[in-house]
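In: Just the structure for this:
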Amino acid sequence: MSLEKEIMTAIKEAMKAKDQTALAALRAVKSEILLAKTSGTSEELTDEEEVKLVQKLVKQRKDSARIFSEQHREDLSEPELAQAAVLEQFLPEQMSEEEITKAVTAIIANTGALGMKDMGKVMGMANKELAGKADGRSISAAVKAQLT
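Out: Below you'll find the model as predicted:
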């Protein structure tokens, strides 16, 4: 089943359960998918594009929650984190730090990167290979740790 259909099913379930947090998060995904479909050249989104949309929304929610927490606004932070948790259900299983480190080590060995000057090359390959399985911040941290 495509992500769009899964989202529609989840929206119906959230409506029945009267779960406003889940409903808001799911409607945001539905809105982003519709915007992408109408603004793009193709009518259907690929699975990768759908995952990127959901990742973007999760990242937005987490960044907002972090900012609210820094401003001591836990009343605003908690709903953002709850929405992020709802959206993460639609993402592929995320890699652990160990798995990311192993993958980055293999990429560095394949590219022959020697130092920080090669970080761009390594990051490009790592982002392609680990797309959807790890966030950019974790990948970047692993690459920096191994190239320094």
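In: Which secondary structure state is assigned to the residue lying farthest from the centre of the chain?
Out: No residue in the chain sits farther from the centre than L114, which is 29.1 Å out by CA atoms, centre = their mean. Each residue gets one of three states, and L114 gets coil by DSSP: H, G, I helix; E, B strand; the rest coil.
In: And the pLDDT for it?
Out: For L114, the model assigns a pLDDT of 82.
In: give me phi/psi at it?
Out: For L114, the backbone dihedrals (degrees, to the nearest 10) come out as phi -110, psi -30.
In: OK, contacts around the spatially most central residue of the chain?
Out: The chain has Q55 as the residue nearest its centroid, 2.2 Å off, counting by CA atoms, centre = their mean. Residues near Q55 by CB atoms under 8 Å, 6 or more residues apart in numbering: 91, 132, 135. C-beta coordinates here come from the backbone N, C-alpha and C atoms, glycine included.
In: check contacts around the nearest residue to the first one once chain neighbours are set aside.
Out: What it means is L91. Nearest residue to L91, sequence neighbours excluded (CB to CB, 6 or more residues apart in numbering): V54, at 5.7 Å. The neighbours of V54, taking CB under 8 Å, 6+ apart as the test, are 3, 29, 87, 90-91.
In: at 10 Å instead, please
Out: Counting by CB atoms under 10 Å, 6 or more residues apart in numbering, V54 touches 3, 7, 25, 28-29, 32-33, 87-92, 132.
In: Compare those and tell me which has the most neighbours.
Out: Within the contacts of V54, most neighbours by other CB atoms under 10 Å means A25, with 30 neighbours.
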